[in-house]
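In: quick one, fold the following:
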Amino acid sequence: MENLNRLKAVLADAGQTNKWLAEQLGKDPVTISKWCTNTTQPDLQTLSRISDFTTVQ
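Out: Numbers count the residues shown, from 1 in each chain. Presented below is the predicted three-dimensional model:
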């Protein structure tokens, strides 16, 4: 199956880190790491917030 997780790539494209995203969302950096490695996934509301934070200008 194709790797569909793009969170890690989106953060890199935006020049940001897992720690930065964790601070923006008020989440533990371990949670963000799990999202980036496909261990768990954020809910749709959180994905929408992530897209707001990581939109490349």
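
In: of all residues in this structure, which one is nearest the centre?
Out: With distances taken as Cα atoms, centre = their mean, Leu7 lies nearest the centre of the chain, 4.5 Å away.

In: show me what contacts that one?
Out: By Cβ atoms under 8 Å, 6 or more residues apart in numbering, the contact set of Leu7 is Trp35, Cys36, Ile50. All C-beta spots, glycine's among them, are computed from the backbone N, C-alpha and C.

In: now the helices for the protein?
Out: 7-13, 18-25, 29-36, 44-54 (DSSP state H).

In: want to throw those into a markdown table with mean pLDDT?
Out: Shown next, in a markdown table, are those (pLDDT from 0 to 100):
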| stretch | mean pLDDT |
| --- | --- |
| helix 7-13 | 89 |
| helix 18-25 | 95 |
| helix 29-36 | 95 |
| helix 44-54 | 89 |
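
In: who's in contact with the closest residue to Lys8 other than its chain neighbours?
Out: The shortest distance from Lys8 to any non-neighbouring residue, by Cβ to Cβ, 6 or more residues apart in numbering, is to Cys36 (4.3 Å). Under the criterion of Cβ under 8 Å, 6+ apart, the contact list for Cys36 reads Asn5, Leu7, Lys8, Leu11, Asn18.
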